[in-house]
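>>> what would the 3D arrangement of this be:
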Amino acid sequence: MRRGLTIAAFSVILSHMKLNGCDFPLKDFFIEIFKEQVYLVGGTIRDFLLYGRTGVKRDIDLVVTGHTYEEIEKELKPFGKTNTVGKSFAVVKFTREGRTFDISAPRKDVKRDDDSHSHKNFIIDCGPHISLEEDLKRRDFTCNSIALRLVDNQVIDPFDGIKAAAEKKIHMTGPETFFDDPLRILRCARFASVHKLAVDKTIYANSKEIKLGELSAERVTEELFRLLLESQRPSSGLQEFFKLSVLEKLFPELYALTLTMQDALFHPEQDEYGHHTVWIHTILAVDVAKKLSERFALSEEETLALLLGVLFHDVGKAITTKWEFKRGRMAVTSIFHDTRGVAIVERILKRLKIETRKHFPLKEVILSLVRYHHRVYDLYRSRREVGFKAISRLVKDMEGRDFLLILLDFADRRSREPDLLEFDDLDEISHWLLAQKEALNINRDTIKPLVMGRHLLKIGVPGGKKMGEYLDRLYEMQLDGRFHSAEEGLKLFARMKK
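Below is the predicted model of the structure:
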């Protein structure tokens, strides 16, 4: 148990589970309805084994033996809301007292076509004739294939999931069926990262041969999002993507970064073998960005935009990196990798069907972060000449989300430090730009166009294409700091027309 809990600590947790079970809301209610036939399964047990507790927001999954789907729904319907959205998978979504539970009849999955790896390539067989052990066997990892009978806290562990949890390892429950759903490979990477689990070597060996092309964009994107949002150090999960051939098969633009070197003087960060690759720089920067997202309490959408912006910010280096004699030595350069990377990232986002999320313009913000990721440092280097014009244009180009760009810039630079996560605040460069914005009163609201179409209509300018051109020119002048009110803008327009 080198990687897991001490034997003594784990024994205490296991004894508690056997004596007291895993508490969760409405536990007694389900026992009253289904008696000895209701079992707790899945992540709740795993989390209790790993952490000695279950998360407050953890989804509760129950299996009821000896019942059909229809019988389970009939029993629950008088006591709360039942949703049949999961009927094809024999799952009743049951809501009572503000909590929703997934309650299923035992099931097993039978492949239709042995050559297909689509998640739709299954016939769901469910009902009283399926045993609890058969239901547990269809699950992905042994640590997820444990059941707890609620009525007496009897633990059912036919695949040594408790041992795997104690050792903090990911083992396949059924090696012969594990790869029937290739999404499990991505889930393996996420679980390893979120729960700090070691992956069984046989999974690595077999994953190389598994086709991932039949996975839908939505399923791939959701796993990527969950890895980034749920892991404290997403770099470990992203590195598992690399080891499990997910990167090569689903994210070839990122895989190219594993073969793209960086100049060791400017990028001293390296992997355990001493390779100075763009990939290593990238995933370390993602870790810094994740800490920043928590430090500054970003929303989930802002966090995703920042982390994906960092993940993709250097993809252009794969097509721009070359040797160049510079400053008296041969140096590795990647000129214009920011601008050339935008088109690559746009293709990735289109393939993953990433557009908006809860009305947040996720795609638009990610592309802006990639396009302008050098702007903050470039402004700082020219700080003696920088004024209202340059900073207002930055805020305008980022559509007011320039703070995310400041965070990306910090993460990009901080990834080069040996103690990259040992920081409590932003650095001098970040604070300089924030101070300049405050001193010049530049923000999303203060740089809104002052002269509008209605102003030009009042002075006799007809609507149409010409008016649009006038408004664009006036806004450029506003961003240059040539006027600070609509009245001043109209006076300037009058002189411009003469």
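>>> C-terminal to the lengthiest helix in the chain, what's the next element?
Once the chain is assigned using DSSP state H, the helix that runs over the most residues is helix 278-295. Beyond helix 278-295 on the C-terminal side, the first helix or strand identified by DSSP states H and E is helix 300-312.
>>> the helix or strand that that following helix is followed by: how far from the chain's middle?
Later in the chain than helix 300-312, the nearest helix or strand by DSSP H and E is helix 317-320. Remark: helix 317-320 is offset 24 Å from the chain centroid, using C-alpha atoms, centre = their mean, to the nearest Å.
>>> who touches the following helix or strand past helix 317-320?
Downstream of helix 317-320, the first helix or strand assigned by DSSP H and E is strand 322-326. Strand 322-326 has contacts (C-beta atoms under 8 Å, 6 or more residues apart in numbering) with 330, 331, 332, 333, 334. For glycine as for every other residue, the C-beta is placed from the backbone atoms N, C-alpha and C.
>>> run a quick neighbour tally on the fourth one.
Going back to what we said before, that points to residue 333. 17 (other C-beta atoms under 10 Å).
>>> helices along the stretch 101-250 of the chain, start to end?
With DSSP state H, counting those that start in this stretch as the criterion, the stretch 101-250 of the chain has helices at 132-137, 161-167, 183-195, 201-207, 217-230, 234-243, 246-250.
>>> pLDDT on the third one, on average?
The average pLDDT within helix 183-195 is 96.
>>> then the strand or helix carrying residue 478 to PDB, C-alphas only?
Taking DSSP H and E as the definition, residue 478 sits inside helix 465-479. Extracted as PDB, the C-alpha positions of helix 465-479 are listed here (Å, rounded to 0.1, in the frame of the first residue of the first chain):
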ATOM      1  CA  LYS A 465     -22.800  52.000 -45.200                       C
ATOM      2  CA  LYS A 466     -21.200  55.500 -45.200                       C
ATOM      3  CA  MET A 467     -22.500  56.100 -41.700                       C
ATOM      4  CA  GLY A 468     -21.000  52.800 -40.500                       C
ATOM      5  CA  GLU A 469     -17.700  53.900 -41.900                       C
ATOM      6  CA  TYR A 470     -17.900  57.200 -40.100                       C
ATOM      7  CA  LEU A 471     -18.800  55.500 -36.800                       C
ATOM      8  CA  ASP A 472     -15.800  53.100 -37.200                       C
ATOM      9  CA  ARG A 473     -13.400  56.000 -37.800                       C
ATOM     10  CA  LEU A 474     -14.800  57.900 -34.800                       C
ATOM     11  CA  TYR A 475     -14.400  54.900 -32.600                       C
ATOM     12  CA  GLU A 476     -10.800  54.400 -33.700                       C
ATOM     13  CA  MET A 477     -10.200  58.100 -32.800                       C
ATOM     14  CA  GLN A 478     -11.900  57.600 -29.400                       C
ATOM     15  CA  LEU A 479      -9.600  54.600 -28.700                       C
END
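>>> give the next helix or strand downstream of that helix.
Sequence-wise, the next helix or strand beyond helix 465-479 is helix 486-497, with elements assigned using DSSP H and E.
>>> this protein: strands as residue ranges?
With DSSP state E, the ranges of strands along the chain come out as 38-41, 60-64, 81-83, 91-96, 99-104, 107-111, 122-126, 147-149, 154-156, 169-170, 198-199, 322-326, 329-333.
>>> in its sheet, what does the fourth one sit against?
Sheet pairing of strand 91-96 (DSSP bridges) gives strand 81-83 (antiparallel), strand 99-104 (antiparallel).
>>> contacts for the longest one?
Yep, that's strand 99-104 we're talking about. In contact with strand 99-104 (C-beta under 8 Å, 6+ apart) are residues 25-26, 30, 59-64, 69, 72, 76, 86, 89-95, 126.
>>> buried stuff in that strand?
Going by neighbour count (16 or more other C-beta atoms under 10 Å), the buried part of strand 99-104 is 101, 102, 103, 104.
>>> got those as a markdown table, with pLDDT and distance to residue 462 columns?
Putting the buried residues of strand 99-104 into a markdown table (pLDDT from 0 to 100; distance: C-beta to C-beta, whole Å) gives the following:
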| residue | pLDDT | distance to residue 462 |
| --- | --- | --- |
| 101 | 94 | 64 |
| 102 | 94 | 62 |
| 103 | 95 | 66 |
| 104 | 93 | 66 |
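>>> between these, which is nearest residue 415?
Of all those, the one with the least separation from residue 415 (C-beta to C-beta) is residue 102, at 39.5 Å.
>>> state the distance from residue 436 to residue 369.
20 Å (C-beta to C-beta, to the nearest Å).
>>> okay if I get the strands of the chain as JSON lines plus distance to residue 466?
Formatted as JSON lines, those follow (distance: least, C-beta to C-beta, whole Å):
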{"stretch": "strand 38-41", "distance to residue 466": "68"}
{"stretch": "strand 60-64", "distance to residue 466": "63"}
{"stretch": "strand 81-83", "distance to residue 466": "56"}
{"stretch": "strand 91-96", "distance to residue 466": "58"}
{"stretch": "strand 99-104", "distance to residue 466": "57"}
{"stretch": "strand 107-111", "distance to residue 466": "65"}
{"stretch": "strand 122-126", "distance to residue 466": "62"}
{"stretch": "strand 147-149", "distance to residue 466": "73"}
{"stretch": "strand 154-156", "distance to residue 466": "77"}
{"stretch": "strand 169-170", "distance to residue 466": "65"}
{"stretch": "strand 198-199", "distance to residue 466": "64"}
{"stretch": "strand 322-326", "distance to residue 466": "46"}
{"stretch": "strand 329-333", "distance to residue 466": "45"}
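>>> so which of these comes closest to residue 269?
When the strands of the chain are compared by C-beta to C-beta, strand 329-333 sits nearest residue 269, at 13.8 Å.
>>> does anything pack onto that closest one? Which helices or strands?
Counting contacts by 3 or more C-beta pairs under 8 Å, 6 or more residues apart in numbering; DSSP states H and E, strand 329-333 packs against strand 322-326.
>>> can you tell me the average pLDDT over the strand it packs on?
95.
>>> ok, that strand: who's next to it in the sheet?
strand 329-333 (antiparallel).
>>> okay, domains of this structure per the record?
Domain assignment for the chain by automatic domain parsing gives 7-180, 297-439, 453-497.
>>> distance from the first one to the middle of the chain?
Per C-alpha atoms, centre = their mean, the displacement of domain 7-180 from the mean C-alpha position of its chain is 25 Å.
>>> same question, stretch 439-450
32 Å.
>>> end to end, how far does it reach?
20 Å (C-alpha to C-alpha, to the nearest Å).
>>> quick one: buried residues of it?
Of all the residues in stretch 439-450, those buried under the rule 16+ other C-beta under 10 Å are 440, 442, 447, 449, 450.
>>> and the contacts of that stretch?
Contacts for stretch 439-450 (C-beta under 8 Å, 6+ apart): 387-388, 391-392, 395-396, 399-400, 436-437, 471, 474-475, 478-479, 483-486, 489.
>>> if any of the residues you listed are buried, give me the ChimeraX selection for them.
The ChimeraX selection below is limited to those of those classed as buried (16+ other C-beta under 10 Å):
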select :388,391,392,395,396,436,437,471,474,475,478,479,483,486,489
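>>> before we move on, back to that, quick one: mean pLDDT over the longest helix of the chain.
98.
>>> who touches stretch 215-230?
117, 119, 182-183, 186-187, 189-190, 193-194, 212, 234, 237-238, 250, 286, 290, 300, 303-304, 307-308, 311, 351-354.
>>> let me see the ranges of the helices in the stretch 301-450 of the chain.
Using DSSP H, counting those that start in this stretch, the helices of the stretch 301-450 of the chain run over residues 317-320, 337-351, 362-371, 375-381, 388-397, 402-414, 428-439.
>>> and the ones you listed, which is most packed in?
Burial of these is given as mean neighbour count (mean count of other C-beta atoms under 10 Å); helix 402-414 ranks first at a mean of 23.
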